[in-house]
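Chemist: dropping the sequence and predicted coords here.
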Amino acid sequence: MTKKILLAFIAVLAVFGLASCETEPTLTEIVVSGIEDISVDNGATFNVLDGVTALGNDGVDYTDQITLVTTSSAVNTETGALDTLQAGVHFVRYEVRVGDIIAQYSRNITVKAPVAEEGELVVNGDMASGIGGWNDPAVVYVADGAAMTLSSEDGALKAEVTAGANFFTPRFGQMNIPFENGKTYEITFEAKSSVEKEIALQVGELLPAAPWYNDFLPSAENIFYRTITTEWATYSYKFTMTQDNDKGGILFGLGTVNGNAVNATMHFDNITIEESQPDPDSSGPIFSGVEETLTLTTEDTFNPRAGVTAVDVGAGDMTHAIVVEVYNANNERLAEIDMTTPGTYRIVYIVSDPYGNFSRAETLLTIVEPAALLFIDAEEFVDGT
């Protein structure tokens, strides 16, 4: 009996001895999982901590010790919530610190740009998705001393603007609007400004190289101007698409307009584009290249049509329809200008569009002898050298 008790005691000591030889696992590494790069739909609910775990090689779960580091204002580093109304790539670093052991893992979370609702031409025109669709760096342009900060405030796009030297510095807008050739569209938007400010509105395609811009508007009216007041108001303009091009869009120029550089905090909302009917054309074509006065010598050649164009808002280029009339100092109509005879001529340009609207412009032409033949005094003349 005594022998059995002794053997049992020895066995117990052996168990305790073996146990005392085993050591606690030492933490040397923490692995963070569930942090693959991911794309998230605009407006979806997403938390950067969902599905993320941190496990040490000591078998301990350190998930509750994860901290977040980010440069993105869309990420709440306390809760992990991601503002998915801010389209773009958001960098997040996950950190776990246990004693001297530090684990750092990074990922990129891409929030997709919003897309146009079915039947809509504009993406996020009601600003329900923040400023998504309006902050594309390929469209937003800040230069020439300008500054602009875009943000979302009270369901509207907020633009804090310092005007640059040009009307398009700064600007924002939206490209890839599928305009159809031959259709007329009305662009409507609501806006207000901290101070009254005139803005410039364009329709066209931004290009990656010179000439940098493909204008969808006729040269007679390639910029629309609207004065934004301090109270919310609705503004609109129309244009007729004349190109096969679905890459263009609309631009809001907030810089120096018509010589006025106005700094302001502006708000925009409910930007829409709808098919419409052109307004009745009640204005004539607009001339370009017509000089009010012109002086030439008898040695010069002159074509009164050279460099003169006419463009109509409704009918487009009307240069081919320009009629030129020439009158002498006695108001007698001439068939042509006699460039060999000094004198004064009145050149009249007339053009009408298909809607019965006409425009008229005049140049007063004076023809003189060459300077080398002018008398210096009553007795002699020189060759001009």
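Modeler: Yep, it's here.
Chemist: OK, contacts around the most centrally placed residue in the chain?
Modeler: With distances taken as Cα atoms, centre = their mean, Val139 lies nearest the centre of the chain, 3.0 Å away. By Cβ atoms under 8 Å, 6 or more residues apart in numbering, the contact set of Val139 is 171-175, 206, 249, 251. Using the backbone N, CA and C atoms, a C-beta is placed for each residue, glycine as well.
Chemist: what's the spacing between it and Leu365?
Modeler: Counting by Cβ to Cβ, to the nearest Å, the gap from Val139 to Leu365 is 46 Å.
Chemist: same check, this time on Phe224
Modeler: 35 Å.
Chemist: of these two, who's got more company?
Modeler: More crowded of Phe224 and Leu365, by other Cβ atoms under 10 Å: Leu365, with 20 against 17.
Chemist: nearest residue to that one in space, please, no chain neighbours.
Modeler: Once flanking residues are discounted, Leu365 sits nearest to Tyr345: 4.4 Å by Cβ to Cβ, 6 or more residues apart in numbering.
Chemist: to what extent is that neighbour buried, counted in neighbours?
Modeler: Neighbours of Tyr345 (other Cβ under 10 Å): 22.
Chemist: who are the packing partners of whichever strand or helix holds it?
Modeler: Assigned by DSSP states H and E, Tyr345 belongs to strand 343-352. Applying 3 or more Cβ pairs under 8 Å, 6 or more residues apart in numbering; DSSP states H and E, one finds that strand 343-352 contacts strand 323-327, strand 358-368.
Chemist: nearest to Lys112, of these?
Modeler: strand 358-368 (49.8 Å; Cβ to Cβ).
Chemist: now the angle between strand 323-327 and the closest one, please.
Modeler: Computed by axes from the mean of the first three to the mean of the last three Cα atoms, to 10 degrees, the angle separating strand 358-368 from strand 323-327 equals 40 degrees.
Chemist: quick check: angle from strand 358-368 to strand 343-352?
Modeler: Going by the same axes, to 10 degrees, strand 358-368 makes 160 degrees with strand 343-352.
Chemist: what mean pLDDT does strand 358-368 get?
Modeler: Strand 358-368 comes out with an average pLDDT of 94.
Chemist: in its sheet, what does that strand sit against?
Modeler: Using DSSP bridges, strand 358-368 pairs in its sheet with strand 293-297 (parallel), strand 343-352 (antiparallel).
Chemist: want to throw those into CSV with distance to Asp41?
Modeler: Shown next, in CSV, are these (distance: least, Cβ to Cβ, whole Å):
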stretch, distance to Asp41
strand 293-297, 63
strand 343-352, 54
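Chemist: dump the ones you listed to a markdown table, plus distance to Ile131 and mean pLDDT.
Modeler: Below are these laid out as a markdown table (distance: least, Cβ to Cβ, whole Å; pLDDT from 0 to 100):
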| stretch | distance to Ile131 | mean pLDDT |
| --- | --- | --- |
| strand 293-297 | 51 | 95 |
| strand 343-352 | 45 | 94 |
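Chemist: among those strands, which is nearest Gly119?
Modeler: The nearest among the strands paired with strand 358-368, by Cβ to Cβ, is strand 343-352 at 39.8 Å.
Chemist: the host helix or strand of Phe239 packs against which elements?
Modeler: Assessed by DSSP H and E, Phe239 sits inside strand 233-240. Applying 3+ Cβ pairs under 8 Å, 6+ apart, we find strand 233-240 packed against strand 184-193, strand 224-228.
Chemist: what is the subsequent helix or strand relative to it?
Modeler: Defined by DSSP H and E, the subsequent element after strand 233-240 is strand 249-253.
Chemist: who does that following strand pair up with?
Modeler: As defined by DSSP bridges, the strand partners of strand 249-253 come to strand 171-174 (antiparallel), strand 197-206 (antiparallel).
Chemist: tell me the spacing between Ser288 and Thr240.
Modeler: 20 Å.
Chemist: also Ala44?
Modeler: Relative to Thr240, and taking Cβ to Cβ, Ala44 is found at 38 Å.
Chemist: out of these two, which sits in the busier spot?
Modeler: Thr240 (19 against 11).
Chemist: ok, that one touching Asn181?
Modeler: No. Taking contacts as Cβ atoms under 8 Å, Thr240 lies outside contact range of Asn181: 9.4 Å.
Chemist: joint contacts of the two?
Modeler: With Cβ under 8 Å, 6+ apart applied, the contact sets of Thr240 and Asn181 do not overlap.
Chemist: may I see the buried residues of stretch 315-329?
Modeler: 315, 318-319, 321-322, 326 (16 or more other Cβ atoms under 10 Å).
Chemist: ok, stretch 27-34 next?
Modeler: Neighbour-count burial for stretch 27-34 [16+ other Cβ under 10 Å]: 27, 30, 32.
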